[in-house]
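Asker: coords please:
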Amino acid sequence: MGPVLIAIIGAILAIVGASIQYREKEQSKLKAEEAKKEAADFNAKLLETQSQLISAQQQAKLESDNANSEILRLNNELLQKTEGLLSESEQAKKAQQETINFILGSGMPELSFYGRNSSTYSPVLFNPTKYPVYDLSITIDDYNKVLENCKIVQLPDKILIDDDCLSKYSTLQGKYFIAPGARQKITLSLKTNEAFQHYRIQCISRTRIIAYYCIVKISENNISSSIRVYELKNSKSHFIKELNYGLSFDENHWNKHFLLHKEIWTGPIPND
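Answerer: Sure thing, here's the model as predicted:
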C-alpha cells in the first residue's frame, strides 16, 4: 500500500472518528438538555404542588379559625344564657327564702337590760331584723338558787340536775310576737341586794333556740351585765358571742355559776 493510500485512509478514519465524536457530543448535549428540561418540569410541578399545599393549609387554618371563632361565640352565648338562668334561679330561690322568712320568722332578738327609772330594771328583747319573730317562748332559770338548792350530780361527760327542783326556780313566759324593730319586755324581778345575779334565759322561736347566760349587778341606781349567747342545735350548745356592759368575767366564773362546757340533763335524781 502506498503512502498516498495510507494517508487517504487515515484521513477518512479521522473524519469518521470526528463524526462519531460529534454525534456522541450532540447526543450527550441533547440528553443533558432533556434532563435539564425534566428537572425544570419537576421543579415547576414541585413548586406548584407546594403552592397548592400552602394554599390548602392556609384555607384549612382559615376554616379552623372560623370554626374556633364560632365555637367560642356559641360557648359565650351558652355561658350568658346559663348565667341568666342561674340568676333567675337565684332570684327565685331568694324570693322563696324571703317568703319563708316572713312566714316562719328569721333570726333572734337581742337581749339587754333596760331601766325605766333609777330603781326598776328588766331584761328586754329587741328584734333588729326585717323579719318578725313568731311564737317566742321564754324560760328563765335563776342559777343562784338552782346551784344553792338543787341536787346536782356531775358525771365525766354530763351534769344531772333534779328537774323538780329546777322547776321551782324557773319561769315560763310567752308566746310572744315581736315585729321588726320592736321590743318585748321580759318579766323578771331583779334584786339589788346581791353581788351578782346569774340567769339563764332561753328563747325558743319557730326557727331557732337561743340561750342567753346573764350575769347582772345593780348598784348605785345603775345596772351592769355580761351576756354570753349560745345557739342550741342537735342538742348541742354552740357559742355565738359575748357582750359585756360594764362587767367581764374569766372562764372559771362562767363555768362555776352556769356549769358550762358539759351537757346538762334534767330529770329525777334518786336519793342516795
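
Asker: Stretch 228-245: how far from the chain's middle?
Answerer: Taking C-alpha atoms, centre = their mean, to the nearest Å, one finds the center of stretch 228-245 at 23 Å from the center of the full chain.

Asker: hang on, I meant stretch 145-160
Answerer: 41 Å.

Asker: cool, and stretch 212-220?
Answerer: 39 Å.

Asker: low-scoring stretches of the stretch 151-272 of the chain, by residue?
Answerer: Per-residue confidence for the stretch 151-272 of the chain (pLDDT under 70) gives these ranges: 193-194, 261-263, 265, 267-272.

Asker: can you pull the contacts of residue 214?
Answerer: The neighbours of residue 214, taking C-beta atoms under 8 Å, 6 or more residues apart in numbering as the test, are 111, 113, 123, 197-201, 225-227. To be clear about C-beta, it is placed using only N, CA and C from the backbone, and glycine gets the same treatment.

Asker: any idea how far it lies from residue 190?
Answerer: For residue 214, the distance to residue 190 equals 10 Å [C-beta to C-beta, to the nearest Å].

Asker: any shared contact partners between those two?
Answerer: Common neighbours of residue 214 and residue 190, using C-beta under 8 Å, 6+ apart, are 113, 197.

Asker: What helix or strand is the spatially most central residue of the chain located in?
Answerer: When C-alpha atoms, centre = their mean is applied to the chain, the residue found nearest the centroid is residue 90 (15.0 Å). Applying DSSP states H and E as the criterion places residue 90 in helix 3-104.

Asker: Would you mind identifying the next helix or strand past that helix?
Answerer: From helix 3-104 onward toward the C-terminus, using DSSP H and E, the following helix or strand is strand 110-115.

Asker: For the next helix or strand after that following strand, give me every contacting residue.
Answerer: Where DSSP H and E defines the elements, the next helix or strand beyond strand 110-115 is strand 121-126. By C-beta under 8 Å, 6+ apart, the surrounding residues in contact with strand 121-126 are 109-116, 136, 138, 176, 178, 182-188, 190, 199, 201, 203, 214, 218, 223.

Asker: Of those, which qualify as buried by neighbour count?
Answerer: Buried members of these, scored by 16 or more other C-beta atoms under 10 Å, are 109-113, 136, 138, 176, 178, 184, 186, 188, 190, 199, 201, 203, 214, 218, 223.

Asker: Narrow those residues to those in strands?
Answerer: The strands, defined by DSSP state E, take in 110-113, 136, 138, 176, 178, 184, 199, 201, 203, 214, 218, 223 from the buried ones among the contacts of strand 121-126.

Asker: what's the neighbour count on residue 249?
Answerer: Residue 249 is flanked by 15 other residues according to other C-beta atoms under 10 Å.

Asker: That one should be in a strand, yeah?
Answerer: No - with DSSP: H, G, I helix; E, B strand; the rest coil as the criterion, residue 249 is located in coil rather than a strand.
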